[in-house]
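Undergrad: make a model of this:
(one chain, ligands or ions: 1)
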Amino acid sequence: MIPIAKPLLGEEEIAAAGAALRSGWVSQGPVVARFEQEFAAYVGAEHACAVSNCTTALHLALLAVGVGSGDEVITVSHSFIATANSIRYCGGIPVFVDIVPETFNLDPALLEAAITERTKAILCVHQVGMPCDLPRILEIAGRHRLPVIEDAACAIGSEIRIDDRWERIGKPHGDIACFSFHPRKIITTGEGGILTTRNSDWDQRFRLLRQHCMSVPDTTRHSSSQVVFESYPALGFNFRMTDIQAAIGCEQLKRLPEIIARRRELAARYRLLLAAIAGLGAPVEPDWARSNWQSFCVRLTDGCKQRQVMQSMLDAGVATRRGIMCSHREAAYSSAPTVWSCGIGRGNCRCDSNRCQRLRESERAQDQVIILPLFHQLDDEQQDQVVSALRRALQ
Ligand SMILES: *Cc1c(COP(=O)(O)O)cnc(C)c1O
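TA: Numbers count the residues shown, from 1 in each chain. Reported below is the predicted structural model:
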């Protein structure tokens with residue numbers, strides 16, 4: 001059986017986790033601080049704050065830019081549900097715009113029409129590791145003085161060309177970028193997330209909020225020769241990463257260049273092998289973007305065959321997944337306050353899910369795309385097996 005994904009973990013991660021356990025400090029401590037520094041250096045960020053996962057990272061990012069009850073945040077429905085959920089955790093209202101079908105990312109041409117006086121932020125996604133059109137999004141956001149949060153959950157190691165320079169996602173180019181270390185992403189700490197920003201006030205705020213808004217952290221009290229009483233000036237959360245996870249993360253960071261290189265090699269090979277198969281659309285990488293290929297999405301020209309093709313491949317021992325979900329089609333969103341904006345009109349997206357035309361490209365992508373196995377350990381022979389299973393399924 002060829003799985004859809006598989007984390008690359010070895011003896012180094014096992015030893016690092018063991019060393020953290022032996023140190024006696026297992027919650028958030030010095031290793032989390034080291035992981036943050038190493039991650040910030042990798043993406044070129046001034047500040048990086050580690051948290052329990054990317055969902056909590058998005059939640060803190062939205063709080064930092066001031067999203068509160070009734071505020072609108074423009075985003076895409078076509079993303080993992082955590083993107084839209086994070087807006088609702090703050091009491092905000094997700095405003096869904098459609099995607100560009102080629103890149104599966106927010107269509108900047110639809111952005112301006114979605115902005116109202118209630119808009120508080122833009123939450124764009126680098127879907128499955130493919131950078132979204134940040135230059136155009138940032139230009140529009142800048143004109144309206146709106147903060148931009150990048151959901152970079154899948155985009156560690158992805159690059160974008162800005163002013164003729166290639167830069168890693170996470171610098172960040174917007175105001176805050178949020179990453180995930182879930183096993184389905186590029187590198188993993190089991191669960192984990194991180195926020196990057198150049199705003200030191202926000203970074204301080206993340207550090208307070210992730211730890212119950214505790215005025216003096218336990219690490220400081222632990223090493224103090226004076227008795228210290230902490231206080232809790234505001235409502236915080238427990239969104240901490242542990243030192244055990246961070247120790248694994250430091251080892252994973254060392255593997256990152258090798259992981260990205262292999263994923264790009266596999267993606268290029270898929271492209272070659274699939275070119276000969278009729279009825280398939282390969283993913284598009286704009287000339288200003290370099291994906292890390294967190295997922296390799298192919299579009300079936302005959303979208304009605306999606307389930308049948310996936311089943312046939314599963315029968316042949318190849319796991320696949322359908323296209324990225326659309327949050328507005330889920331029951332969790334059927335009675336939630338959400339707004340769609342198609343560039344022409346705006347309204348409440350409480351339509352009968354399968355007939356919603358307002359987010360047409362988002363829905364088509366979910367219904368027509370299948371995601372093929374792609375992970376570091378996938379060898380050429382297995383990849384050939386995936387391709388022939390797909391060829392047979394399409395016949
Ligand atoms: C995985 C994912 C998340 C959530 O990440 P967690 O670390 O699992 O909370 C958010 N947004 C996108 C686009 C994702 O792919």
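Undergrad: and residue 295, what does it touch?
TA: Residue 295 sits next to 128, 129, 154, 321, 371, 374 when contact means Cβ atoms under 8 Å, 6 or more residues apart in numbering. C-betas here are computed from N, CA, C, even on glycine.
Undergrad: to what extent is the third one buried, counted in neighbours?
TA: So the one you mean is residue 154. The tally of other residues near residue 154 (other Cβ atoms under 10 Å) stands at 28.
Undergrad: cool, the fifth one as well?
TA: For residue 371, the number of neighbouring residues by other Cβ under 10 Å comes to 20.
Undergrad: low pLDDT regions in the stretch 251-395 of the chain?
TA: Within the stretch 251-395 of the chain, the ranges that satisfy pLDDT under 70 run 342-357.
Undergrad: mind listing the strands for it?
TA: Here the stretch 251-395 of the chain has its strands, by DSSP state E, counting those that start in this stretch, at 280-281, 289-290, 296-300, 321-322, 339-341, 346-348, 369-372.
Undergrad: next up, phi/psi of the residue lying closest to residue 228 once chain neighbours are set aside, please.
TA: Of all residues not flanking residue 228 in the chain, residue 221 sits nearest, at 4.8 Å (Cβ to Cβ, 6 or more residues apart in numbering). Here is the backbone geometry of residue 221 (degrees, to the nearest 10): phi -60, psi -40.
Undergrad: quick one: name the residues of the stretch 1-150 of the chain near the ligand.
TA: 53, 54, 55, 79, 80, 82, 83, 125 (Cβ under 6 Å from any ligand atom).
Undergrad: end to end, how far does stretch 211-223 reach?
TA: Length of stretch 211-223, first residue to last, Cα to Cα, to the nearest Å: 18 Å.
Undergrad: got the contact list for it?
TA: Contacts of stretch 211-223 (Cβ under 8 Å, 6+ apart): 27-30, 207-208, 228-240.
Undergrad: and with 6 Å instead?
TA: 29, 228, 230, 231, 232, 234, 236 (Cβ atoms under 6 Å, 6 or more residues apart in numbering).
Undergrad: now stretch 378-389
TA: 2, 273, 313, 316, 318, 372, 373.
Undergrad: inside helices: which ones of the residues you listed?
TA: Members of the contacts of stretch 378-389 lying in helices (criterion: DSSP state H): 273, 313.
Undergrad: and the two most separated of the contacts of stretch 378-389?
TA: 273 and 316 (15.7 Å; Cβ to Cβ).
Undergrad: which residue, other than its chain neighbours, is closest to residue 362?
TA: Of all residues not flanking residue 362 in the chain, residue 78 sits nearest, at 3.7 Å (Cβ to Cβ, 6+ apart).
Undergrad: with residue 132 instead?
TA: Of all residues beyond its chain neighbours, the one nearest residue 132 is residue 105 (3.8 Å), with distances taken as Cβ to Cβ, 6+ apart.
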